[in-house]
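>>> Dropping the sequence and predicted coords here.
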Amino acid sequence: MSTVLLFGASGFVGRQVRAVLAPDAELRCPGRADCDLGTVELRELTRLVRAVAPDAVVNCTGALDGTDDQLVLANTLVTAKLVEAVAAGAPRARLVRIGSAGEYGPIPPGEAADESAATRPIGAYGVSHLAGTRLVELACRAGRVDGVVLRVFNPVGPGLPTGNVLGRAALLLRQALARGEDRIVLGSLDAHRDFVDVRDVALAVRAAVRIRALPRRIFNIGSGRAVPTRTAVQLLARAAGFTGRIEEEAGPPGTSRSGGVGWACADIRAAADLLGWRPSYDLPASVSALWYATAGIQLPDRGVVPSVTPPAQPKESACIQESAS
């Protein structure tokens, strides 16, 4: 049985990664109270890595929003620390980094970006992730670590935070249903996104941990399909049984990580061919799992809707501006 040092095990992605790795790996999952990657000294982090002696180190921490320095700290400097700590403390361990489609920036409409596509991030979020990926690439090229970056497109599924448009839509729908309201208000939903189930992301991490030799260092993780965000929200509303209006109002031009990106689609052939990974959940199953998870209900099987009606959430404002991310 291999040993995996997993950071961020209680987060949206990390919970699923923990679940898929647990059956055949000994997991060490330090929480933030044990080891805050943002503040821990490199010497202390190296000591932890050396003590665990892992076969793989997986980092599921990171920041979606914040100031430029917060994003660089969470997505770039944390990666730099992990590269140094793994190189010194467990140089044979596989280092798995969760990257982002934001590293690509705008993708021409109708096209699917492969891993060799130009990287032109449009904001600090994408820049911070791209810098982290470059650090891993450089360390691998120098033979210091055995690293891999999974560039995850738009993860969706149980536990999706409300900072994401579908997570926010789920919150608004639940609030509207609790009040008997017949409308929710979101920002523009014109953008096309490549939604991938977070449980499939976790399976991609497992594949990256297990593969003995890495033929490349970066893999796209997506569904391979671009879907209008509006369609995804409509599927979510259908799963919720909401028959009211979904209104879109003009607002700020998107979040800092996605504003100005109207199209995102991943070419996932490399992950399929070299990792043996393919997405297994379709979007209706993913949004159903998201919806029921907001009520603490876990679907019993893939896409199977439970026979119980989830309880409503407490009443709050249903009118929150949000743009696609």
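Arrived safely, thanks for sending.
>>> Okay, helices next: where are they in this structure?
With helices called from DSSP state H, the chain shows them at 12-21, 42-52, 68-71, 78-89, 124-141, 165-179, 198-210, 229-240, 269-270, 283-293.
>>> Can I get those helices in TSV including distance to S100, mean neighbour count and mean pLDDT?
Bear in mind the C-beta positions are built from the backbone N, C-alpha and C, glycine included. Formatted as TSV, the helices of the chain follow (distance: least, C-beta to C-beta, whole Å; neighbours: other C-beta atoms under 10 Å; pLDDT from 0 to 100):
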stretch	distance to S100	mean neighbour count	mean pLDDT
helix 12-21	11	22	98
helix 42-52	23	16	98
helix 68-71	11	16	97
helix 78-89	12	22	98
helix 124-141	4	21	98
helix 165-179	16	22	96
helix 198-210	12	23	98
helix 229-240	17	21	97
helix 269-270	17	16	98
helix 283-293	18	23	96
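>>> so for stretch 296-307, what's the average pLDDT?
Averaging pLDDT along stretch 296-307 gives 54.
>>> Could you give the average pLDDT over stretch 144-160?
pLDDT averaged over stretch 144-160 gives 97.
>>> one step back: turn the helices of the chain into JSON lines, including distance to H192.
Below are the helices of the chain laid out as JSON lines (distance: least, C-beta to C-beta, whole Å):
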{"stretch": "helix 12-21", "distance to H192": "22"}
{"stretch": "helix 42-52", "distance to H192": "39"}
{"stretch": "helix 68-71", "distance to H192": "24"}
{"stretch": "helix 78-89", "distance to H192": "29"}
{"stretch": "helix 124-141", "distance to H192": "17"}
{"stretch": "helix 165-179", "distance to H192": "13"}
{"stretch": "helix 198-210", "distance to H192": "19"}
{"stretch": "helix 229-240", "distance to H192": "7"}
{"stretch": "helix 269-270", "distance to H192": "19"}
{"stretch": "helix 283-293", "distance to H192": "12"}
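>>> Check what contacts stretch 127-140 and list those residues.
62-63, 68, 71-72, 74-76, 78-80, 83, 87, 95, 97, 99-100, 102-103, 119, 121, 145-149, 151, 217-218 (C-beta atoms under 8 Å, 6 or more residues apart in numbering).
>>> of the residues you listed, buried ones?
Using 16 or more other C-beta atoms under 10 Å as the burial test, the contacts of stretch 127-140 include 62-63, 71-72, 74-76, 78-79, 83, 87, 95, 97, 99-100, 102-103, 119, 121, 145-149, 151, 217-218 as buried.
>>> Which members of those occur in strands, if any?
Under the assignment DSSP state E, the buried ones among the contacts of stretch 127-140 contribute 95, 97, 99-100, 146-149, 151, 218 to strands.
>>> ok, so of these, who is nearest L203?
Distance to L203 across those (C-beta to C-beta) is lowest for V148, with 14.5 Å.
>>> From V127, how far off is the closest one?
As judged by C-beta to C-beta, to the nearest Å, V148 and V127 stand 21 Å apart.
>>> If we ignore the residues flanking it in sequence, what's nearest the residue nearest the centre of the chain?
Residue closest to the average C-alpha location in the chain (C-alpha atoms, centre = their mean): P155, at 4.8 Å. In space, and not counting its chain neighbours, P155 is closest to V198: 4.6 Å by C-beta to C-beta, 6 or more residues apart in numbering.
>>> give the contact list for E44.
Applying C-beta under 8 Å, 6+ apart to E44 gives the contacts C35.
>>> Distance of it relative to R18?
E44 is 23 Å from R18, by C-beta to C-beta.
>>> what do you get for I246?
From I246 to R18 the distance is 34 Å (C-beta to C-beta).
>>> Over to D24?
Separation of D24 from R18 (C-beta to C-beta) stands at 13 Å.
>>> just P91 next, same as before
As judged by C-beta to C-beta, P91 and R18 stand 25 Å apart.
>>> repeat for L171
Distance, L171 to R18, using C-beta to C-beta: 25 Å.
>>> ok, now A272?
Distance from A272 to R18, by C-beta to C-beta: 24 Å.
>>> I figured G159 hits R15, correct?
Yes. Using C-beta atoms under 8 Å, G159 is in contact with R15, at 6.3 Å.
>>> which residues are common contacts for these two?
Common contact partners of G159 and R15 (C-beta under 8 Å, 6+ apart): none.
>>> For the residue sitting furthest away from the middle of the chain, give me its contacts.
Taking C-alpha atoms, centre = their mean, the residue of the chain most remote from its mean C-alpha position is G180, at 32.5 Å. Listed by C-beta under 8 Å, 6+ apart, G180 has no contact partners.
>>> Would you mind measuring from it to A240?
Separation of G180 from A240 (C-beta to C-beta): 14 Å.
>>> Enumerate every residue touching the residue lying closest to P158 once chain neighbours are set aside.
Nearest residue to P158, sequence neighbours excluded (C-beta to C-beta, 6+ apart): A293, at 3.5 Å. Residues in contact with A293 (C-beta under 8 Å, 6+ apart) are 157-159.
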